[in-house]
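J.: Mind folding the following:
(chains A and B)
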Protein chains: 2
Amino acid sequence: MRYINNKLRIENVGLDKIAKNYGTPSYVYSYSQLKKNIIDFEKNFKSFSPLICFAIKSNTNVNLIKEIKKFGLGADVVSAGELMMALKAGINPKKIVFSGVGKTSKEIAYAIEKKILLINAESHSEINEIERIAKIKKKKVNIGIRLNPNTDAKTLSQISTGKKENKFGVNGKTFVELVKFCKKSNNIVLKCLSVHIGSQILDHKPYEKMLNILSKILNKIKYNFEYIDLGGGMGISYNNSDNKLNFEKYNIAIKKFLKKHQSKIIFEPGRSIIGNTGILLTKVVYIKNSERKNFIVLDSAMNDLIRPALYGAKHKILPFLKKRKNSNKIYEFVGPICETTDKFSTLKKFQELKEKDLIAICDVGAYGMSLSSNYNVRPKAIELLIKGTKIRVIRKRQNLKDLM
Amino acid sequence: MRYINNKLRIENVGLDKIAKNYGTPSYVYSYSQLKKNIIDFEKNFKSFSPLICFAIKSNTNVNLIKEIKKFGLGADVVSAGELMMALKAGINPKKIVFSGVGKTSKEIAYAIEKKILLINAESHSEINEIERIAKIKKKKVNIGIRLNPNTDAKTLSQISTGKKENKFGVNGKTFVELVKFCKKSNNIVLKCLSVHIGSQILDHKPYEKMLNILSKILNKIKYNFEYIDLGGGMGISYNNSDNKLNFEKYNIAIKKFLKKHQSKIIFEPGRSIIGNTGILLTKVVYIKNSERKNFIVLDSAMNDLIRPALYGAKHKILPFLKKRKNSNKIYEFVGPICETTDKFSTLKKFQELKEKDLIAICDVGAYGMSLSSNYNVRPKAIELLIKGTKIRVIRKRQNLKDLM
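T.: Predicted structure coming up:
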């Protein structure tokens, strides 16, 4: 994204052209940014060439997943639906790991049939269920066990997952018991230790701490895991105040870990691959002046992007047309939904806006469209992929009639 | 809902039968509860026979809206989609009001074409837009103007809408100006003063305060409004600690108001009509024991019901099978989604549960299904309407293939 002649472009396409031809609100992704993210990610960790499983939950657009697949990435899925989507995008089952605390019997059976790389189990009950189904199907199933390392990811409490009060994984004691249990099983092959401490992590230190805990456990149980799945959670920069995770330092910590423990590393990145590739292009419908502030009423709403309402997330907002003059009023960017929660951002000294102006809500590639809904019977936005000067519709705008 | 032989029923149908025949998770509504709510609502305010416009946003199931329509109710809509849904359910356009801060030109044009009762405008810009479109179409359009009475509804900040820091309506000064503006217009007929101070209001006093403010404004501007639209927001009891709004006291306040101002009252109730009619029937997939608490992993998730994650809402949870023995562990009811936000409730001294037990999450008729999503590529739940011993599918379970 850059301004040329004060007009905002994604790659070589002006946002005005997109709005004119495809309407608003629209999710617009940049192919070159996606490519850059994947190449950068691979480069950072190339010394141990990890298996990179894209976290489908962050973005479930099948055409985007197809593009990601072309770079050789696998998939991290958390439901039968996500598994089906990954397979539909052509991802090799041998590059798919299945995470999640509540896999149903049907989902486990489906994963076994599809011969995916690993089912990462999160409880004793789940392992029992996998064994029961594998026995019926007369199969040997490769699994991982998710350890809850009781590590504070120093991120938002809503997206922290590696503390003992969180529902995820099993504690060290249970982990040791489950390893013993799996060793005796005829239908389960324990191949992986998995861990995932949270999302949008900006500090590498929680990862270092996590690796130390893994190291201790591995030394204790003396079991040779073919895979160590370190999960995802790598944070990106949503605004000028936070920096993205320092990959280099994380890489150093992993290399140190691998000197003692020889396993193939699996990563499950979502946000760090897709987060900054997408914007939500939206139009100012009305400007409402009030005493203290001006409400900028947009044509996109919390049904399109719920992260601000759900997590208090702050997404950078950029005007399509750059002007010199800033408003001295506070601008509150809101959606049209009949709820106070339907608010994107409150900004001071934003440039002066007028009705019908175009706005880009930035960095919505991850957990944007995948969390969208039809609240207020609003059709879902169109999704577009930009590659150079080309605009490709990767998902049509929902029709009102489809909702009836 | 009641227990018979320690088994929970909706009307005359056991929840076990519903789970067996239709699976879980399922939204299950009681027709008799819906009927009771509507009759009670009408009875409470019968002395001035208001026009009751059901707030479609609270529940957009067309078959439920059809049932509501049969009792003579109109609809409060907030988008073209909701208007289309109300019309599809057979609601008379002359009983439909259109609210919302961000009505687009298309939406306004559609509402004018359909000759609905009122477009309740929320800003000067919107009134300009209505006038512009009405002029092109050579129509006279009936509108209301929404006043922001700067009244604290004493409810959650996320669902408070009547304070001056909220995006809704216009302040008293602007209201007076807009009345003057409308009087001069050839294409706009100002028929209504509308107001809506928030949701889930349990105390009648904010309503009294709101009526006093209306009274003052009306005395000042001396304009005869055919309608006064008091909005909705009437709170219901979600648990044992809060009581529903005292309708009687609200009724008294309105009757007092009407002695001075002769207008037809419009209400826009959603939650108070549909909230306590529905449950989310769900199954325990796994029970994970941890040191401090047991995680009860359900097969329903935040994509099915987002109110706990989004608003911190507490929904009562009932077991299908009532037992005498309580657990001495804390129970945390969570969904299978890979997020810590995906949590319904933390309860002490709940009865002992085991895997595969059935659970009812109560009072989810409003803002349950209407806010649901396909996050984690989870198909949407089935919706069922119970009437006596009859089970009617009012919306099919979404198919995974529909999501691909």
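J.: how much space is there between A:Ile197 and B:Lys183?
T.: 63 Å (C-beta to C-beta, to the nearest Å). In this view, the C-beta of every residue, glycine as well, is placed from N, C-alpha and C.
J.: So those two - more neighbours on which side?
T.: A:Ile197 (29 against 11; other C-beta atoms under 10 Å in any protein chain shown).
J.: From B:Ala360, how far out is the more buried one?
T.: From A:Ile197 to B:Ala360 the distance is 34 Å (C-beta to C-beta).
J.: quick one: the helix or strand containing A:Val297 near chain B?
T.: Secondary structure assignment for A:Val297, by DSSP states H and E: strand A:293-298. Yes: Strand A:293-298 comes into contact with chain B (C-beta under 8 Å from any C-beta of the partner chain), by way of A:Lys293, A:Phe295, A:Val297, A:Leu298.
J.: ok, now stretch A:256-268?
T.: No: contact of stretch A:256-268 with chain B (C-beta under 8 Å from any C-beta) is absent, the minimum separation being 9.7 Å.
J.: what distance separates the start and the end of that stretch?
T.: End-to-end distance for stretch A:256-268: 20 Å, by C-alpha to C-alpha, to the nearest Å.
J.: neighbours of A:Glu383, just the number please.
T.: 23.
J.: Pretty sure it sits against A:Tyr22.
T.: No: with contact defined as C-beta atoms under 8 Å, A:Glu383 does not reach A:Tyr22; the gap is 9.8 Å.
J.: Check the contact lists of the two and give me the overlap.
T.: Common contacts of A:Glu383 and A:Tyr22 (C-beta atoms under 8 Å, 6 or more residues apart in numbering or on different chains): A:Val393.
J.: thinking A:Ile52 is in contact with A:Asp40, fair?
T.: No: if you go by C-beta under 8 Å, A:Ile52 and A:Asp40 don't touch, sitting 11.6 Å apart.
J.: what about the two, which has more around it?
T.: Neighbour count, other C-beta under 10 Å: between A:Ile52 and A:Asp40, A:Ile52 has more, with 24 against 12.
J.: How is that one assigned, secondary-structure-wise?
T.: Here A:Ile52 is strand, with the state taken from DSSP: H, G, I helix; E, B strand; the rest coil.
J.: and the stretch 1-150 of chain A, which residues reach chain B?
T.: A:56-57, A:60, A:62, A:78-82, A:84-85, A:88, A:99-104, A:122-123, A:125-126, A:129.
J.: Now, those residues that are in helices?
T.: A:Val62, A:Ala80, A:Gly81, A:Glu82, A:Met84, A:Met85, A:Lys88, A:Ser125, A:Glu126, A:Glu129 (DSSP state H).
J.: And for A:Asp402, the neighbour number?
T.: 10.
J.: where's it relative to A:Asn374, distance?
T.: 9 Å.
J.: List the contacts of the residue of the stretch 301-404 of chain A found nearest chain B.
T.: The minimum distance from the stretch 301-404 of chain A to chain B, using C-beta to the nearest C-beta, falls at A:Pro336 (2.5 Å). Shown in contact with A:Pro336 (C-beta under 8 Å, 6+ apart): A:285, A:297-299, A:301, A:342, A:376, B:78-79, B:100-104.
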